[in-house]
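Trainee: need a 3D model of the sequence below.
(chains A and B)
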Protein chains: 2
Amino acid sequence: LFIDPGFPVNKHQANVIGAPYEHFDVYDYRGDKLKAKLESYLCHGDIASILYSNPNNPAWFCFTDQELQVIGELATKYDCVVMEDLAYFGMDFRKNYSVPGQAPFIPSVANYTDNYILLISSSKSFSLAGQRIGMTGISNRLFQSKGDNLEPWFGSDKFGYAYIFGAMYALTSGVSHSNQWGLAGLLKVVNNGSYNFVDHVKEYGDRAKVMKKLFTDNGFNIVYDMDDNQKIADGFYFTISYPGFSGVELVEELLYYGISAISLITTGSERHEGLRACVSLTGQERFPDLETRLKAFYKDHH
Amino acid sequence: LFIDPGFPVNKHQANVIGAPYEHFDVYDYRGDKLKAKLESYLCHGDIASILYSNPNNPAWFCFTDQELQVIGELATKYDCVVMEDLAYFGMDFRKNYSVPGQAPFIPSVANYTDNYILLISSSKSFSLAGQRIGMTGISNRLFQSKGDNLEPWFGSDKFGYAYIFGAMYALTSGVSHSNQWGLAGLLKVVNNGSYNFVDHVKEYGDRAKVMKKLFTDNGFNIVYDMDDNQKIADGFYFTISYPGFSGVELVEELLYYGISAISLITTGSERHEGLRACVSLTGQERFPDLETRLKAFYKDHH
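Mentor: The predicted structure follows:
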């Protein structure tokens, strides 16, 4: 069960191994509405796993602790494994999650269920994109648990062994030695407090703040704009729409003005008018260009 | 269809995605006998692909050009894709395959069919084990071909697109940037003739020659000993047995003498008496130890 919008490759991965899936756009089901919506899928008893990214790719909303609690408690009740994609680990810049061992801590479903697998990339938060290395955190209870149907596929009925020696061993050649040492070194300095990893990626939030304003000043709307009743954070991505355009039409029209983005349609979103904008390659030195182009777009279309 | 013995993980990979497979031990089907044996599987029309390693892991035999021709022609006739695992690229030290652009060339099924995917690791031949990078070579004709059943799984009916944007994109995060440059640099010097990659791995053949003699001098037999009618090469692996022992028993018994190996049972071999010995971590400085231990084993068991 994918809580959408989400990373399109995850569904593609299910397709290539022939794993069936369900999905829904969470836009209309934030806060109090999430529980009933989730349970309408889980109650059938055929959902093995729930996947979402938090902060969200492509929309950058963040589940509240109340929402994470709902997800966690239902995962326990219906014996689902939550795969929580924390690619943007600690990058909700509204709070300072950067001080090791000290609150506030990075929100996670792991506080509300033992049925979790945390997926932590190093590309975004740790600025190690080129090195292609990530981490998986599995609760002890899930790691030690057994599954009826694991052995024929993965060679062991123990979840942790099936995961490592079954799935990961078949799927990967491992990560290169030098990159493992690099990431280990980075984790060491993050955890002893001598390196503040959040400071080094706050730039993305600063860019998003300016870029969102440039878009909204020129007639665009932010599609996914709220975390329940709080304005979403500025971060790696944001979502935009323009009155009278579908997302696909808007992608093409913006290209004529030198602006590229992707349509939300590919992400499982039902906001077909929306696009995802990514700030990672738009440095502040390009903001005057962006402003000029958005003004030209607005002049031609309003 | 796996031509065994082979790398156990390949079958495990088929298991985890639920892909059915057939396999046979080629021990009794070398040379003229190979065609009828292969065709007995292919004639049913349900074999999509043939996989083998050459030189062979675990047995280090090498298919002759006559055998590769049989495999290639049958692959064309029955529209199968041959996945040729060339992890030990050029490491048949009986011939000098190291001079770029000059015969003799490394034997390959690619000379006899367009239905090939060549898998070239960099770990063994190019001594880059820790970097976890490899290459795939696909014929132009196969790359451009279309398949009826590809699109629902991989998003494209074109083989090359399905392979890259369907399978590889879903399966991998790519290889780190530095490692790609490292391998590219290595290929450049290999191909301009300024670096002889075979010279740097011949050491494995030298070790195998000595180690095989230490084993056979002490009552062991070489299990897979012939390439059709020629003695197999000395290389990365060889296979051994000892009269009166099954492979599993022999693994345990040798451990008491400080010698480790793996049983051929896991490799799809029908020579259940056999073990695979690997020379990679047994430097020449350990040969006196190996000799002392094998003599002690022989003294206790003959």
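Trainee: how about the residues of the stretch 1-150 of chain A near chain B?
Mentor: By C-beta under 8 Å from any C-beta of the partner chain, the part of the stretch 1-150 of chain A that sits against chain B consists of A:9, A:12-13, A:15-18, A:130-134. From N, CA and C alone the C-beta is placed, and that goes for glycine too.
Trainee: let's see if you can find the most crowded of those.
Mentor: Within these, most neighbours by other C-beta atoms under 10 Å in any protein chain shown means A:Q131, with 22 neighbours.
Trainee: so what's that one scoring on pLDDT?
Mentor: Note for A:Q131: predicted pLDDT of 89.
Trainee: in the residues of the stretch 1-150 of chain A next to chain B, find the pair that's most separated.
Mentor: Maximum pairwise distance in the residues of the stretch 1-150 of chain A next to chain B, criterion C-beta to C-beta, is 32.2 Å, between A:G18 and A:G130.
Trainee: picking that back up, in strands, which of the residues of the stretch 1-150 of chain A next to chain B appear?
Mentor: A:G134 (DSSP state E).
Trainee: now, among the residues of the stretch 1-150 of chain A next to chain B, which is nearest to A:L119?
Mentor: Among the residues of the stretch 1-150 of chain A next to chain B, and counting by C-beta to C-beta, the member closest to A:L119 is A:G134, at 6.6 Å.
Trainee: neighbours of the residue nearest to the closest one when sequence neighbours are not counted, how many?
Mentor: Spatial nearest neighbour of A:G134, chain neighbours left out: A:S121 (4.5 Å); criterion: C-beta to C-beta, 6 or more residues apart in numbering or on different chains. Look at A:S121: counted by other C-beta under 10 Å, it has 20 neighbours.
Trainee: so who does A:S121 touch?
Mentor: A:86-87, A:89, A:134 (C-beta atoms under 8 Å, 6 or more residues apart in numbering or on different chains).
Trainee: how about it, phi and psi?
Mentor: Note on A:S121: backbone dihedrals following degrees, to the nearest 10 are phi -70, psi 160.
Trainee: quick check, pLDDT for it.
Mentor: The predicted structure lists A:S121 with a pLDDT of 93.
Trainee: same deal with A:V81?
Mentor: 98.
Trainee: that's a helix at A:G235, yeah?
Mentor: No: secondary structure of A:G235 (DSSP: H, G, I helix; E, B strand; the rest coil): coil, not part of a helix.
Trainee: run through who's touching the lowest-mean-pLDDT helix or strand in chain A.
Mentor: The weakest-scoring helix or strand in chain A, judged by mean pLDDT, DSSP states H and E, is helix A:169-171 (a mean of 90). Defining contact as C-beta under 8 Å, 6+ apart, one finds that helix A:169-171 is touched by B:9, B:12-13, B:15-16, B:171.
Trainee: in it, which residues are buried?
Mentor: A:169-170 (16 or more other C-beta atoms under 10 Å in any protein chain shown).
Trainee: give me every residue that touches the closest residue to A:N196 other than its chain neighbours.
Mentor: Spatially, and ignoring its direct neighbours in sequence, A:N196 is nearest to A:S98 (5.0 Å; C-beta to C-beta, 6+ apart). By C-beta under 8 Å, 6+ apart, the contact list for A:S98 reads A:90, A:196-199.
Trainee: before we move on, what about A:N229?
Mentor: A:G31.
Trainee: how close does the residue positioned nearest the centre of chain A sit to chain B?
Mentor: By C-alpha atoms, centre = their mean, chain A has its centre lying nearest to A:S53, at 2.8 Å. Taking C-beta to the nearest C-beta, to the nearest Å as the criterion, A:S53 is separated from chain B by 15 Å.
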